[in-house]
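Novice: need a structure here:
(2 chains)
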Amino acid sequence: MKTLLNILSAALLLACALPAQAALNVFACEPEWAALVQELAGDKASVYAATNALQDPHRVDARPSLIAKARRAQLVVCTGAELETAWLPVILREAGNPDVAPGKPGYFEAASQVAMREVPSRLDRAEGDIHPFGNPHIQLDARNFLPIAQALTQRLAALDPANAATYRARLDTFSQKWREALLRWEKQAAPLKGVAIVVQHKAFPYLEAWLGMKEVAALEPKPGMEPSAAYLSQLVGQLQQHPAKMILRAGYQSPKSSDWLAERTQLKIVTLSFSVGGSDAAKDLFGLFDDTLARLLAGLK
Amino acid sequence: MKFAPSCIAMALALAMPVSALAADEADLRAIREQIAALKAQYEQRISQLEQRLQQAEEKAASRPVAAAESAPIAAPAIIQTAPASSEGTFNPGMSLILSGTYGQMRQDPAIPVTGFAMNANNPNATQGFSLKESELGISANIDPRFRGTATLALAPAGGVTVENAYVDALALGSGLNLRFGRFFSGLGYLNEQHAHAWDFVDQPLVYRTLWDNQLGEDGLQARWLAPTDMYIELGGEIGRGRSFPGTDRQNRNGTGAGVIFAHIGDEIGTDHNWRAGASLHETKRIDAVSTGVPDLWGTPGGVTDQFSGNSRTYGLDFVWKYAPNGNSSLTNLKLQAEYFRRKQNGLLTYNFGMPGAVTDGYAVTQSGWYLQSVWQFMPHWRVGLRYDQLDPGNASVGALNTANVIANYGFTPKRTTAMLDYSPSEFSRVRLQAARDQSRQGLSDTQIFLQYVMSLGAHGAHKF
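Specialist: Numbers count the residues shown, from 1 in each chain, chains lettered A, B, ... in the order given. The predicted structure follows:
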């Protein structure tokens, strides 16, 4: 008991001795939002990314380190739309930090700023791991970053009014650069229009909508379910009749079923970075889409 | 929605203080003008909204084509914004866990672990087909300050027990969390986990004998998280001492049990995460009656003993998780171990309630530990191995009872368990488990279980 009290008082002392944080503490659920905050806030924010691009954002452990980071966060930036429903609620509750609770200014959901795709018309677990608010992988449509950046800037300015001018200036710079990049990417992506693709997990509807690719099949019979051998061989038959060009998968997914299919159908596998940090080239948001397009175009050849 | 402006006008009129009625014509005209302006403004906004809705619907209808041919630079039109996540409208999140087993064993699982006849002994195992408790969970935010959670266990034989029913205070801030009601104690690592999240069919022997599988409490829990980069959590609980080793303090004021615990944890790179903890539990056992306790005379079926005294338990727990690149949905490894050591001292009445009952001092230190590892070797498939061991201790028995009460059983209960489980989705799991059980002297057994655990409805996030 005495030792515990000692630890307690030591920890309290430590807490008081900590210098007042100059930069805004931001907890980003996924690396793409960490990168966006970095673009908009520069050195005005200290950003922690809870996951990396090689992790399945649906399934993350509510790790002690995440709870500790959320405890000190002034802003939590997540995709929302229930992508993080298996881990974020417990982290936010355990953290004892009501400033970042859902509904508070310190909690920002990117999905609320964009048009959601694949909003299920039938809500039933028999449909697999579906998301009632629509497919949450919104970060692969580069156009989505403009409205999200705008809303996020407003939030940053509201939370840290002293630096509001900096955030707005950086938003202008970012939006300008992003619009130019969008023109470039969309020009580059012209050959991808109408290209038939197979996806491993239904993680790419935003990318498909942006670049005009056509998803003809998914390797998971239902979202989150492993394909059976029978389903895969049926897929082989289907792809012989209606051929596709490539199989898309994210780096965090098991390569097994897509490798199997690629072997039998001569389809090219394109492993996308999926988020910032997913490959060496995807160092920042611009790099992410440069790399994504380079990989897709290589898949065409 | 069209009614809104006139509603507002009416509400405004009603809200006018009586003195307004006496106001002169000019004032009234001004108010009328204001209301008219308000009305016009609302109607304009409504028609704008309707127009936007119509546009959105048109866009949504033509989306499959439009998406492919959309103008290059325009950001996608807002077709349907996702509302901020909530647990359904105002209905609480509901979940139901269905679980059942088939058990194959030679010995009666109800026979207590040797040396622990005065402890709890619920093996959570049945021979043949059996339904496990169905767990009904209900939770929701109550208001901006509180969140309520209830878990009701529907017993297979009928009847409902309240497993958890607690309220969390959400708005304290500064890393403070307060919980009150009925909850699983925060001591150790496994104690807070619900049965459906266990990695094996049953709890480790040390939990079975020292905590009656899970220590539940009616009381108050406070936890504080340090504002450090490393996870440091300190917590304490006070309660009535509802479950074993407490004796459910009845008809008394004050508290019957207390717990303090500390947890620290961190990540090492992206691949490793760990948490370690220490806990201390104290309670008073009052008039605790145990039946079927073996004695030195070898009384068939044992005798009934009664114990009153202090119980103090120290615990250590450790868990380490490894996942390549931190991507635990592909492969991951979990290693966990816990150790508990309980000191009890007080008065023991041998052959309680019978003529010739003898009361004298009794003190014993019991301990136990387990080490287990679970490995997800490919998505959806896991194997696990667990080793359990207990030490019944060497009791110091008062002089009057040295010829009656067994002080030293000279036996170390142990068990080795292996399991394989398959989870087709996050919501379903089937498991095969085999155990070599040597927890009862002379009654070693091989126990085989088949189990299913299914979860319906809203399923909350799990702790680390």
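Novice: please count neighbours and contacts with C-alpha atoms only from this point.
Specialist: Fine.
Novice: just the closest residue of the stretch 201-350 of chain B to chain A, please.
Specialist: Per Cα to the nearest Cα, residue B:327 is where the stretch 201-350 of chain B lies closest to chain A, at 4.3 Å.
Novice: what sits closest to that residue if chain neighbours are left out?
Specialist: The shortest distance from residue B:327 to any non-neighbouring residue, by Cα to Cα, 6 or more residues apart in numbering or on different chains, is to residue A:55 (4.3 Å).
Novice: burial count for that neighbour?
Specialist: Counted with other Cα atoms under 10 Å in any protein chain shown, the neighbours of residue A:55 add up to 25.
Novice: can I assume it sits in a helix?
Specialist: No: under DSSP: H, G, I helix; E, B strand; the rest coil, residue A:55 falls outside any helix and is assigned coil.
Novice: that one contacts residue B:326, correct?
Specialist: Yes: with contact defined as Cα atoms under 8 Å, residue A:55 and residue B:326 form a contacting pair (6.1 Å).
Novice: pLDDT score assigned to the residue of the stretch 201-350 of chain B closest to chain A?
Specialist: Note on residue B:327: pLDDT of 91.
Novice: residue B:206 now?
Specialist: 97.
Novice: the helix or strand it falls within packs against which elements?
Specialist: Element membership of residue B:206, judged by DSSP states H and E, is helix B:205-211. Identification of packing neighbours for helix B:205-211 by 3 or more Cα pairs under 8 Å, 6 or more residues apart in numbering or on different chains; DSSP states H and E yields strand B:332-350, strand B:358-378, strand B:381-391.
Novice: so where's the longest helix in chain A?
Specialist: Taking DSSP state H as the criterion, chain A has its longest helix at helix A:164-188.
Novice: which other helices and strands contact that helix?
Specialist: Where contact means 3+ Cα pairs under 8 Å, 6+ apart, helix A:164-188 is packed against helix A:31-41, helix A:145-159, helix A:285-300.
Novice: ranking these by burial, who's on top?
Specialist: Compared across the helices and strands packed on helix A:164-188, helix A:31-41 shows the largest average neighbour count, a mean of 24 (mean count of other Cα atoms under 10 Å in any protein chain shown).
Novice: contacting residues for residue B:444?
Specialist: B:107, B:436-438 (Cα atoms under 8 Å, 6 or more residues apart in numbering or on different chains).
Novice: give me that answer again for 6 Å
Specialist: Residue B:444 is in contact with B:437-438, counting by Cα atoms under 6 Å, 6 or more residues apart in numbering or on different chains.
Novice: pLDDT score assigned to it?
Specialist: According to the prediction, residue B:444 has pLDDT 94.
Novice: show me what from the stretch 301-450 of chain B comes close to chain A.
Specialist: Neighbours of chain A within the stretch 301-450 of chain B, by Cα under 6 Å from any Cα of the partner chain: residue B:327.
Novice: what do you get if the cut-off is 7 Å, keeping everything else the same?
Specialist: Neighbours of chain A within the stretch 301-450 of chain B, by Cα under 7 Å from any Cα of the partner chain: B:325-330, B:424-425.
Novice: farthest pair within the residues you listed?
Specialist: The distance between the two most remote of those (Cα to Cα) is 23.2 Å, for B:325 and B:424.
Novice: these two: who's more crowded?
Specialist: Taking neighbours as other Cα under 10 Å, residue B:325 and residue B:424 compare with residue B:325 leading, 18 against 15.
Novice: let's verify that one: helix, strand, or coil?
Specialist: Secondary structure assignment for residue B:325 (three-state DSSP): helix.
Novice: helices of the chain, residue ranges please.
Specialist: You didn't pick a chain, so chain A it is. Assigned by DSSP H, chain A shows helices spanning A:2-17, A:31-41, A:64-72, A:88-94, A:145-159, A:164-188, A:205-211, A:229-241, A:256-265, A:285-300.
Novice: actually chain B
Specialist: Under the criterion DSSP H, chain B contains helices at B:4-15, B:18-21, B:25-61, B:63-69, B:205-211.
Novice: which stretches of the stretch 1-150 of chain B aren't confidently modelled?
Specialist: For the stretch 1-150 of chain B, the stretches flagged by pLDDT under 70 are B:1-28, B:30-31, B:35-51, B:53-89.
Novice: residue A:76 is in contact with residue A:25, correct?
Specialist: No: if you go by Cα atoms under 7 Å, residue A:25 and residue A:76 don't touch, sitting 8.7 Å apart.
Novice: from what I can see residue A:60 touches residue A:85, true?
Specialist: No: Residue A:60 is beyond contact range of residue A:85, at 9.9 Å (criterion: Cα under 7 Å).
Novice: quick revisit: buried subset of the residues of the stretch 301-450 of chain B next to chain A?
Specialist: The neighbour count (16 or more other Cα atoms under 10 Å in any protein chain shown) marks B:325-330, B:425 as buried among these.
Novice: how about the residues of the stretch 151-300 of chain A near chain B?
Specialist: By the rule Cα under 7 Å from any Cα, the part of the stretch 151-300 of chain A lying against chain B is A:182-183, A:186, A:209-212, A:224-225, A:252, A:254.
Novice: if you set the cut-off to 6 Å instead, what comes out?
Specialist: Contact residues, the stretch 151-300 of chain A versus chain B (Cα under 6 Å from any Cα): A:209, A:212.
Novice: pick out the residue of the stretch 151-300 of chain A closest to chain B.
Specialist: Relative to chain B, the nearest point of the stretch 151-300 of chain A is residue A:212 (4.2 Å; Cα to the nearest Cα).
Novice: isn't that residue right up against residue A:193?
Specialist: Yes: under the criterion of Cα atoms under 6 Å, residue A:212 makes contact with residue A:193 at 4.7 Å.
Novice: in terms of neighbours, single out the busier of those two.
Specialist: Neighbour count, other Cα under 10 Å: between residue A:212 and residue A:193, residue A:212 has more, with 25 against 17.
Novice: for residue A:197, see how far away the more buried one is.
Specialist: Distance of residue A:212 to residue A:197, computed by Cα to Cα, to the nearest Å: 11 Å.
Novice: cool, and residue A:251?
Specialist: As defined by Cα to Cα, residue A:251 lies at a distance of 17 Å from residue A:197.
Novice: count the residues that sit near residue B:269.
Specialist: 9.
Novice: residue ranges in chain A under the pLDDT threshold?
Specialist: For chain A, applying pLDDT under 70 flags the ranges A:1-22.
Novice: now with 50?
Specialist: Along chain A, segments meeting pLDDT under 50 span A:1-2, A:4-5, A:8, A:12-20.
Novice: what pLDDT is listed against the closest residue to residue B:318 other than its chain neighbours?
Specialist: In space, and not counting its chain neighbours, residue B:318 is closest to residue B:276: 4.3 Å by Cα to Cα, 6+ apart. The per-residue pLDDT reported for residue B:276 equals 97.
Novice: to what extent is residue B:276 buried, counted in neighbours?
Specialist: Residue B:276 has 20 neighbouring residues, counting by other Cα under 10 Å.
Novice: same check, this time on residue A:126
Specialist: Using other Cα under 10 Å, residue A:126 has 9 other residues around it.
Novice: one more: residue A:269?
Specialist: Look at residue A:269: counted by other Cα under 10 Å, it has 23 neighbours.
Novice: tell me what it is bridged to.
Specialist: residue A:247 (DSSP bridges).
Novice: pull the contacting residues for residue B:212.
Specialist: By Cα under 6 Å, 6+ apart, the residues touching residue B:212 are B:120, B:244.
Novice: with residue B:224 instead?
Specialist: Contacts of residue B:224 (Cα under 6 Å, 6+ apart): B:175-176, B:233-234.
Novice: give me that answer again for 7 Å
Specialist: Applying Cα atoms under 7 Å, 6 or more residues apart in numbering or on different chains, we find residue B:224 in contact with B:175-177, B:233-235.
Novice: out of these, who's near chain A?
Specialist: Among the contacts of residue B:224, the ones lying near chain A by Cα under 7 Å from any Cα are B:175-177.
Novice: once you drop chain neighbours, what's closest to residue B:205?
Specialist: Closest to residue B:205 by Cα to Cα, 6+ apart is residue B:388, at 6.3 Å.
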